[in-house]
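**Q** only geometry, no sequence info:
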């Protein structure tokens, strides 16, 4: 059984791909979490700010941007695009591939499971496999 970890250990382009994906989610998380935390702090309700709620906003933001323009602000800045394996990405695919973003440990688990299972596309996390989507780098010939 060949896993994504096997590919990752031998492919510098794939390593760069995953580094870009991690940086993109960090950028998107900052864009969502920082303004919400600041807003709740300003209005004196920082104690009411549940972090899972911000995760839900991150999930909706990611799904909306990926369904409409193919990527979040973080992905766009890093020249990444979420695509359907066949045809155009639809909203149900965008929702499915982003559900793990509601709670950060779920996203980490999503990446680990995606890399641990036998796959033909080591760029896919587990929810990408379920949604039949992938993330490509679009500033290279062939979108690898």
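**A** Happy to help now that I have it. All values derive from a computational prediction rather than experimental measurement.

**Q** The lengthiest helix in the chain: how far from the chain's middle?
**A** Secondary structure assigned by DSSP state H gives helix 12-42 as the longest helix of the chain. On the basis of Cα atoms, centre = their mean, to the nearest Å, the separation between the geometric centre of helix 12-42 and that of its chain is 10 Å.

**Q** list the buried ones in the lowest-mean-pLDDT helix or strand in the chain?
**A** Least confident helix or strand, the chain: helix 4-8 with a mean of 79, by mean pLDDT, DSSP states H and E. Across helix 4-8, burial judged by 16 or more other Cβ atoms under 10 Å covers 4, 7. All C-beta atoms are positioned from the backbone trio N, CA, C, and that covers glycine.

**Q** Run through who's touching it.
**A** Residues outside helix 4-8 that contact it (Cβ atoms under 8 Å, 6 or more residues apart in numbering): 14-15, 18, 114-117, 119, 122, 124.

**Q** The same query, at a cut-off of 7 Å, please.
**A** Counting contacts by Cβ atoms under 7 Å, 6 or more residues apart in numbering, the residues outside helix 4-8 that touch it are 14-15, 18, 114-116, 119, 122.
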